[in-house]
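>>> what would the 3D arrangement of this be:
(2 chains)
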There are 2 protein chains.
Amino acid sequence: MSDFDKREKGIESEHLASRSENFAEWYNQLVLRAELADYAPVRGCMVVRPYGWALWENIRNALDRRFKATGHVNAAFPLLIPKSFMEREKEHVEGFSPELAVVTIGGGEELEEPLVIRPTSETIIGHMYAKWIKSYRDLPVLINQWNNVVRWELRTKLFIRTMEFYWQEGHTAHATEEEAEAETLQMLDIYADFAENEAAIPVVKGRKTEKEKFAGAVRTYTIEGMMGDKRSLQSATSHSLGQNFARAFKIQYLDRNNILQYCWTTSWGLSTRFIGGIIMVHGDEKGLILPPKLAPYQVVIVPIFRDDAEQAKVMKAVEQIKDLLGEFRVHVDDREGIRPGFKFNDWEMRGVPIRIEIGPRDVANGAITLARRDQPGRDGKQSVPQNAVVPVVSKLLEDIHKAIYKKALEFRKANTHQPKDYDDFRQIIKSGWADAWWCGDAECELQIKEETKATCRCIPLDQPGGEGVCIHCGRPAKERAIFARTY
Amino acid sequence: MSDFDKREKGIESEHLASRSENFAEWYNQLVLRAELADYAPVRGCMVVRPYGWALWENIRNALDRRFKATGHVNAAFPLLIPKSFMEREKEHVEGFSPELAVVTIGGGEELEEPLVIRPTSETIIGHMYAKWIKSYRDLPVLINQWNNVVRWELRTKLFIRTMEFYWQEGHTAHATEEEAEAETLQMLDIYADFAENEAAIPVVKGRKTEKEKFAGAVRTYTIEGMMGDKRSLQSATSHSLGQNFARAFKIQYLDRNNILQYCWTTSWGLSTRFIGGIIMVHGDEKGLILPPKLAPYQVVIVPIFRDDAEQAKVMKAVEQIKDLLGEFRVHVDDREGIRPGFKFNDWEMRGVPIRIEIGPRDVANGAITLARRDQPGRDGKQSVPQNAVVPVVSKLLEDIHKAIYKKALEFRKANTHQPKDYDDFRQIIKSGWADAWWCGDAECELQIKEETKATCRCIPLDQPGGEGVCIHCGRPAKERAIFARTY
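Residues are numbered from 1 along each chain as shown, chains lettered A, B, ... in the order given. This is a model prediction of the structure:
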């Protein structure tokens, strides 16, 4: 029996895999069932379905607003990059060469120089910036693009790591190191602000280690969020590229004294991976819980009736309520031949923040019944007079945002521990984050990974000060770091 | 001396190539100088610069609004398609095979099956629709995507024909042929409405000939616009695909009688080529004239002052006017060290519909000076009291839209002729459109092309009725067709 037949007959499909028992399977099933994405015929690629893409469009709009408010503009750089470009920056080529998709045939003929599909665009943008930037008056250049990139990944997972993914990549060029660093940190703040105030995801802002930083960066900053399985997800990154790409691509400007200088550049990105974060932070056993500010539908209205006479009255009220709620993203589920109870479960699974039920009794009472997704069951239900629906929905969306943020923050706090010693550390990182003094040595980091499968997710910007001893090697340590498993 | 040095010193750069004498060179220079786009390092690819991309974003928003209002949703299908997919629909493979970019290496290894970069997405979307569609209840499926595609073109021209380009491609599946045809025509109407009411470009809606239709379509509809050099630009197309792709990819549904049927599908697209159309329809010897509804900046404000005291007064007024005009897209050109006269020319070249000049005398009079781009010189200038600026700008933007639309329509009418005979036809298509009775025969069309370089741009939907004789072969003809040169 197909899923549709089940829906048609009002038969619930089998339950989702258990989130508490098999988080990874719960995640995969949920992405497919909620129709966020599907597997494409090419291994490792995904199709982002309309419900998932609407979520991405809301993410895009929320970020784009912030980018434009801080002086950035959008542009589009090409998909195809001469292979030789990738080889100009030493660390960049080492990092990305193994992941390249290479075009060798075009228009039926073998190409003289192979082209790579961009895995990221520092090289081709560097080439163009070198052409455009002449004088200090041309700086800063603050450009972003919303695009697709391809990285040949072997272990893929819908949204979290796919061969092709969608993202924005900002690329800026500055006259001084200080300006570039300030830009890098500004964009990190924007990502954190977006994560917390739009997606209701608490994040830790930090610096990546040498081992974990972007190939070609001087410093990489990250926002890390704790997922429902207590792993850490790198949710967006911002890179201070120093003069590495400026030297490789000759991005130079004449300063006020007419002396030729290399620019200082940055890049920063947030991808469809973030959707995976939203699923894994907020979801529960029943399915998705979408943050109200990003949810494709903030409110779903389910009409309830038994016969034509009831239907006419109920649908009239439904239309009125929908009109009243014009400022919100509202969907009316008027599918025929499907029981309301099935619709309730369906929209709970798909994470719509507020459900409004309207039946004959509601109509008679001039009321609606309102259910909040983050509090399933009776506690989250209330009857609301029809004329109060706008302020109630408005406030409730705010309340849900705050409630799911608070829940995620408390979960992270409850599962972040400061280990007493390395044995304690090993226990902690089996299910949680370890916040520990660490020496910062690459070899020490490698050993920790081999021994525990945990990696240094970041060295938080917010440090307690003082000194300690490295949790692993016992040498003096000046900074605390977050260690955790990741994806 | 770099362009910037020239600007800095207030020296006008050399004039644009003459539009009347060398239209093609005028076009190329203008795209580069107005910073709409630049050449990418890979032959045939372009970089769409921020000014050009802002124009595209406005095009996208205007279309996307129309798509969503007619029930369409957005999604994202993969860039990479198994090569074998391209071979399933006979005409599709013939049409697109010569234009494919092929990925043969991924992650350092040769691929077992090569992947092609999508030149268009009927095949991969057909594959997914076959998976998703089960029952008549799942229909219609109305999905669009905004994306990039690659076609290995040999003769390229910025925006008009580039190897990679940006577009939207809508793909729908329906239960009946009638529904699919209605969708195809609805989308054609939406394109025409967009072209006329947003871009101020008059278009002719028509059907493509067998030779010119989309590879795999049953019928292709087009909107054709007359460019400033009197050629015709295919500005958007909408395809009725019949059951061709449904059969090739097994897109089937169970009808109400539980019988398995093939779907009827459509596809339709408008690309960054449209930007080329805007440039070529409206531009003049001084540069771009952007349609007010799509222009990245609708108004540019140029402050004029000689000393610090004047500057303070003028800039205060500039800020006030900018605030008043909050509902419009306004840019203040406060670049230092550049003469106002240079700025005037610069923004005229870049096509901003309205220029506001504010100098000390304007401030003293509580007025501003307003110049419209489509009427350079004194006639287009007026002094407006500051408190009237909002209604005046609002009306003026409307007026400019109407004026440039009217001008383009009159130009098309003046350069569209009904030939008396084939000799007349040959003269007409040297500089204009020929509107002639035509037999519809493919061989006849081919001969016309060989003899005149003109192709059948479309058979207009709006037909006079009656019958005539074919302008070329003299056989009976039931329809009139537009013949013209294209790009």
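>>> surely residue A:231 touches residue A:487?
Yes: applying Cβ atoms under 8 Å as the test, residue A:231 and residue A:487 come out as touching, 6.4 Å apart. In short, each C-beta sits where N, CA and C put it, glycine included.
>>> who's more crowded, the two?
Neighbours per residue (other Cβ atoms under 10 Å in any protein chain shown) separate residue A:231 from residue A:487, with residue A:231 holding more: 20 against 16.
>>> contacts only, for the more buried one.
A:484-487 (Cβ atoms under 8 Å, 6 or more residues apart in numbering or on different chains).
>>> and the stretch 151-300 of chain A, which residues reach chain B?
A:152, A:154, A:163-164, A:166 (Cβ under 8 Å from any Cβ of the partner chain).
>>> neighbours of the nearest residue in space to residue A:20 that is not next to it in sequence, just the number please.
Sequence neighbours aside, residue A:285 is the residue nearest to residue A:20 in space, at 7.2 Å (criterion: Cβ to Cβ, 6 or more residues apart in numbering or on different chains). Neighbourhood size, residue A:285 [other Cβ under 10 Å]: 13.
>>> phi first, then psi, for residue A:285.
phi -60, psi -30 (degrees, to the nearest 10).
>>> kindly report the same for the one 5 residues further on.
Its backbone dihedrals place residue A:290 at phi -90, psi 140, with angles given as degrees, to the nearest 10.
>>> for it, which non-adjacent residue is closest in space?
residue A:351 (3.9 Å).
>>> who are the contact partners of the one you found?
Residue A:351 makes contact with A:34, A:282-283, A:287-290, A:295, A:373, according to Cβ under 8 Å, 6+ apart.
>>> at 6 Å what do you get?
The contact partners of residue A:351, by Cβ atoms under 6 Å, 6 or more residues apart in numbering or on different chains, come to A:288-290.
>>> check contacts around the spatially most central residue of chain A.
Nearest to the geometric centre of chain A sits residue A:274, at 1.2 Å (Cα atoms, centre = their mean). Going by Cβ under 6 Å, 6+ apart, residue A:274 touches residue A:235.
>>> pLDDT value on it, please?
Note on residue A:274: pLDDT of 98.
>>> I'd like the distance between it and chain B.
Per Cβ to the nearest Cβ, to the nearest Å, residue A:274 is found 15 Å from chain B.
>>> Three-state assignment for that residue, please.
Three-state assignment for residue A:274 (DSSP: H, G, I helix; E, B strand; the rest coil): helix.
>>> chain A - how does it break down into domains?
Following automatic domain parsing, one gets these domains for chain A: A:17-282, A:299-397, A:416-484.
>>> and residue A:22, how many neighbours?
Neighbourhood size, residue A:22 [other Cβ under 10 Å]: 14.
>>> let me redo that: residue A:282
Neighbour number of residue A:282 under other Cβ under 10 Å is 22.
>>> let me see the backbone angles for residue A:485.
The phi/psi pair for residue A:485 (degrees, to the nearest 10) is phi -80, psi 160.
>>> quick one, what contacts it?
A:231, A:453-454.
>>> mind doing that once more with 7 Å?
Contact analysis of residue A:485 by Cβ atoms under 7 Å, 6 or more residues apart in numbering or on different chains lists A:231, A:429, A:453-454.
>>> which one of these is nearest residue A:194?
residue A:231 (21.0 Å; Cβ to Cβ).
>>> distance check, that closest one against residue B:218.
51 Å (Cβ to Cβ, to the nearest Å).
>>> with residue A:69 instead?
Distance, residue A:69 to residue B:218, by Cβ to Cβ: 48 Å.
>>> what's the answer for residue A:448, then?
Distance, residue A:448 to residue B:218, using Cβ to Cβ: 63 Å.
>>> more neighbours: which of the two?
Counted by other Cβ under 10 Å, residue A:448 and residue B:218 do not tie: residue A:448 has more neighbours, with 26 against 18.
>>> what's the neighbour count on the closest residue to the more buried one other than its chain neighbours?
Nearest residue to residue A:448, sequence neighbours excluded (Cβ to Cβ, 6+ apart): residue A:472, at 5.3 Å. Per other Cβ under 10 Å, the neighbour tally for residue A:472 reads 21.
>>> is residue A:472 in a helix, a strand, or coil?
coil.
>>> got the contact list for it?
By Cβ under 7 Å, 6+ apart, the neighbours of residue A:472 are A:422, A:444, A:447-448.
>>> quick one: which of those residues is most hemmed in?
residue A:448 (26 neighbours).
>>> and the residue of the stretch 351-487 of chain A nearest chain B?
Using Cβ to the nearest Cβ, residue A:352 is the residue of the stretch 351-487 of chain A that sits closest to chain B, at 15.9 Å.
>>> if I read this right, that residue contacts residue A:297, doesn't it?
Yes: in this structure, residue A:352 is within contact of residue A:297 by Cβ atoms under 7 Å, at 5.0 Å.
>>> point me to the helix or strand that includes residue A:310.
Per DSSP states H and E, residue A:310 falls inside helix A:308-324.
>>> give the next helix or strand downstream of that helix.
Counting by DSSP H and E, the element after helix A:308-324 in chain order, helix or strand, is strand A:330-332.
>>> counting neighbours, what do you get for residue A:24?
Applying other Cβ under 10 Å, we find 12 residues neighbouring residue A:24.
>>> what distance do you get for it to residue B:168?
On the measure of Cβ to Cβ, residue A:24 and residue B:168 end up 35 Å apart.
>>> in strands only, show me the contacts of residue A:231.
Judged by DSSP state E, the subset of these located in strands is residue A:484.
>>> in CSV, list the contacts of residue A:231 along with pLDDT.
Formatted as CSV, those follow (pLDDT from 0 to 100):
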residue, pLDDT
A:484, 98
A:485, 97
A:486, 96
A:487, 93
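>>> and which of the contacts of residue A:231 is nearest to residue B:95?
Nearest to residue B:95 among the contacts of residue A:231, counting by Cβ to Cβ, is residue A:487 at 41.5 Å.
>>> my guess is the closest one contacts residue A:157, does it?
Yes: between residue A:487 and residue A:157 there is a contact at 6.4 Å, judged by Cβ under 7 Å.
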